[in-house]
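[1] sequence unknown, structure follows:
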């Protein structure tokens, strides 16, 4: 019901704030603004102390990825469907700008979910209800999908440990209000001449979703990218 609800809206906007805790590192707060208009216009901007600001614009004909910290951007012609556009900008950002912008339990993740369900998790069970910010939510829990987790951490030797997703979904609107995703794993560190060592790695992402507005007009300029002063465009290599 949640996935179908997100897919049904003609326009949707929200803000969210995530607390990200990496093992062995200080926690950080990442804030996100998201706006969407069918069939393929969207704007998403994330900001955090480590990566700076990353903005993605799609005006329906072209997708632009802008890294605020580096003050660089790259453009791609519209790649077809909304799903293929999202997969394209995720790939381009990693290859050209060295930015990992895989969507995790976001409206984009839900809107691009296929028949097999979410990429992040697929085997949810109902835990009951809970009040979150004055709204009654349905709590559901699932193990993290291992194929998806492998795509995040890389194809290394690792043993998943306590990898799970918990969602708090508004009982009235079917919108996501709160999500907690935890992935911890044990990996083997191999060094020449040194006995193999097992280390525990992972992170916890705790995110709240707010200011959700559905099927209201959105200014078209929101989806258009205007280069910042001094910004540099990174072009696709051609042979």
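    Sure thing, it's come through. Given the structure is predicted, the values throughout are model-derived calculations rather than measurements. Numbering: from 1, shown residues only.
[2] quick one: low-confidence ranges for the chain?
    Low-confidence segments of the chain, defined by pLDDT under 70, span residues 79-80, 95-102, 153-159, 236-239.
[3] Other residues contacting stretch 12-24?
    Taking Cβ atoms under 8 Å, 6 or more residues apart in numbering as the criterion, the residues outside stretch 12-24 that touch it are 6, 27-36, 48, 106-107, 184, 200-216, 218. Heads up, the C-betas are built off the backbone N, CA and C, glycines and all.
[4] does the spatially most central residue of the chain count as helix, strand or coil?
    In the chain, the C-alpha closest to the average C-alpha coordinate belongs to residue 103, at a distance of 2.2 Å (Cα atoms, centre = their mean). Under DSSP: H, G, I helix; E, B strand; the rest coil, residue 103 falls in the coil class.
[5] who's in contact with it?
    Taking Cβ under 8 Å, 6+ apart as the criterion, residue 103 is in contact with 86, 90, 109, 112.
[6] and of those residues, the nearest to residue 141?
    The nearest member of the contacts of residue 103 to residue 141, counting by Cβ to Cβ, is residue 109 at 17.3 Å.
[7] quick one, strands of this structure?
    Remark: strands assigned in the chain by DSSP state E are 11-22, 28-37, 41-48, 52-59, 62-67, 72-77, 125-132, 135-143, 158-170, 176-191, 194-214, 232-233.
[8] among those, which is the most enclosed?
    A comparison of these by mean neighbour count, using mean count of other Cβ atoms under 10 Å, puts strand 62-67 on top with a mean of 21.
[9] Which strands border that one, and is each parallel or antiparallel?
    Looking at strand 62-67 with DSSP bridges, its partner strands are strand 52-59 (antiparallel), strand 72-77 (antiparallel).
[10] thinking again about what came up before, just put the strands of the chain in a markdown table and tack on distance to residue 118.
    As requested, the strands of the chain are exported to a markdown table (distance: least, Cβ to Cβ, whole Å):
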| stretch | distance to residue 118 |
| --- | --- |
| strand 11-22 | 17 |
| strand 28-37 | 17 |
| strand 41-48 | 18 |
| strand 52-59 | 20 |
| strand 62-67 | 23 |
| strand 72-77 | 25 |
| strand 125-132 | 14 |
| strand 135-143 | 8 |
| strand 158-170 | 8 |
| strand 176-191 | 11 |
| strand 194-214 | 14 |
| strand 232-233 | 34 |
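[11] For residue 1, which of the ones you listed is the nearest?
    If we rank these by Cβ to Cβ, the stretch that ends up nearest is strand 158-170, at 8.0 Å.
[12] quick one: contacts of that closest one?
    With Cβ under 8 Å, 6+ apart as the contact definition, strand 158-170 has outside contacts at 2, 105, 120-121, 124, 127, 130, 132, 135-144, 146, 149, 175-188, 200-202.
[13] Measure how far it is from the centre of its chain, please.
    Relative to the centre of its chain, strand 158-170 is centred 15 Å away, using Cα atoms, centre = their mean, to the nearest Å.
[14] between that strand and strand 125-132, what angle do the directions make?
    50 degrees (axes from the mean of the first three to the mean of the last three Cα atoms, to 10 degrees).
[15] Partner strands of strand 158-170 and their direction?
    Counting by DSSP bridges, the strands paired with strand 158-170 are strand 135-143 (antiparallel), strand 176-191 (antiparallel).
[16] quick one, which of those is nearest to residue 44?
    Taking Cβ to Cβ as the criterion, strand 176-191 is the member of the strands paired with strand 158-170 that comes nearest to residue 44, at 15.4 Å.
[17] before we move on, back to that, with respect to residue 192, which of the strands paired with strand 62-67 lies nearest?
    It is, among these and with distance given as Cβ to Cβ, strand 52-59, at 36.7 Å.
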